[in-house]
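Chemist: Here's my sequence, what's the structure:
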Amino acid sequence: MSEFTVSKIIEIHDEIIRIYGGTRGVLSEATLEMLVYKVNQENDIFRKAALILHRIASQHPFFDGNKRTALVAAEKMLYDEGYCIDAEQDEKVVMMLRIAKYKCSIKSIEEWISERARELHMG
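Modeler: Here you go, the predicted model:
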């Protein structure tokens, strides 16, 4: 993901809804635009991923699938930079629920990601 854009987030969301079901549609494009602006101002990949998780999961820019979209978008950004989150699916679900319930700061999300980030060995 060379450049993080609103359209890329919406594409991820639409694909998730197509595969797993739910209601398509954007509730707040302004929320997505602010997220993209903030993410593109950051240099640290773990901070970028934390912002994505926090903003999408807690600010609900979509009608449905916000937590799923947040996780996939963050994991895609990390993957494109050569990283993955090394955690069981259950742990990821618990974290996403905590974020959506406003129980995590961006800093604590960033720490969670950086503690679990593993470099991918592609080649």
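Chemist: so where do the helices sit in this protein?
Modeler: Taking DSSP state H, the helices of the chain run over residues 6-20, 29-41, 45-59, 66-80, 89-100, 106-116.
Chemist: Need those in CSV (columns: mean pLDDT, distance to residue 122 and mean neighbour count).
Modeler: For every residue, glycine as well, the C-beta is placed using N, CA and C. Output for these, formatted as CSV (pLDDT from 0 to 100; distance: least, Cβ to Cβ, whole Å; neighbours: other Cβ atoms under 10 Å):
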stretch, mean pLDDT, distance to residue 122, mean neighbour count
helix 6-20, 96, 21, 16
helix 29-41, 96, 23, 16
helix 45-59, 97, 15, 24
helix 66-80, 97, 10, 21
helix 89-100, 97, 22, 16
helix 106-116, 98, 19, 17
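Chemist: if I look at residue 22, how far off is residue 66?
Modeler: For residue 22, the distance to residue 66 equals 10 Å [Cβ to Cβ, to the nearest Å].
Chemist: before we move on, what about residue 87?
Modeler: 19 Å.
Chemist: before we move on, what about residue 25?
Modeler: For residue 25 relative to residue 66 (Cβ to Cβ), the value is 12 Å.
Chemist: With residue 13 instead?
Modeler: 8 Å.
Chemist: Overlap in contacts, those two.
Modeler: Here residue 13 and residue 66 have no joint contacts, going by Cβ atoms under 8 Å, 6 or more residues apart in numbering.
Chemist: Now for residue 73: which residues touch it?
Modeler: Going by Cβ under 8 Å, 6+ apart, residue 73 touches 8, 9, 12, 52, 56.
Chemist: My understanding was that the third one contacts residue 76; is that so?
Modeler: Meaning residue 12. Yes - between residue 12 and residue 76 there is a contact at 6.8 Å, judged by Cβ atoms under 8 Å.
Chemist: State the distance from residue 56 to residue 24.
Modeler: Distance of residue 56 to residue 24, given as Cβ to Cβ: 15 Å.
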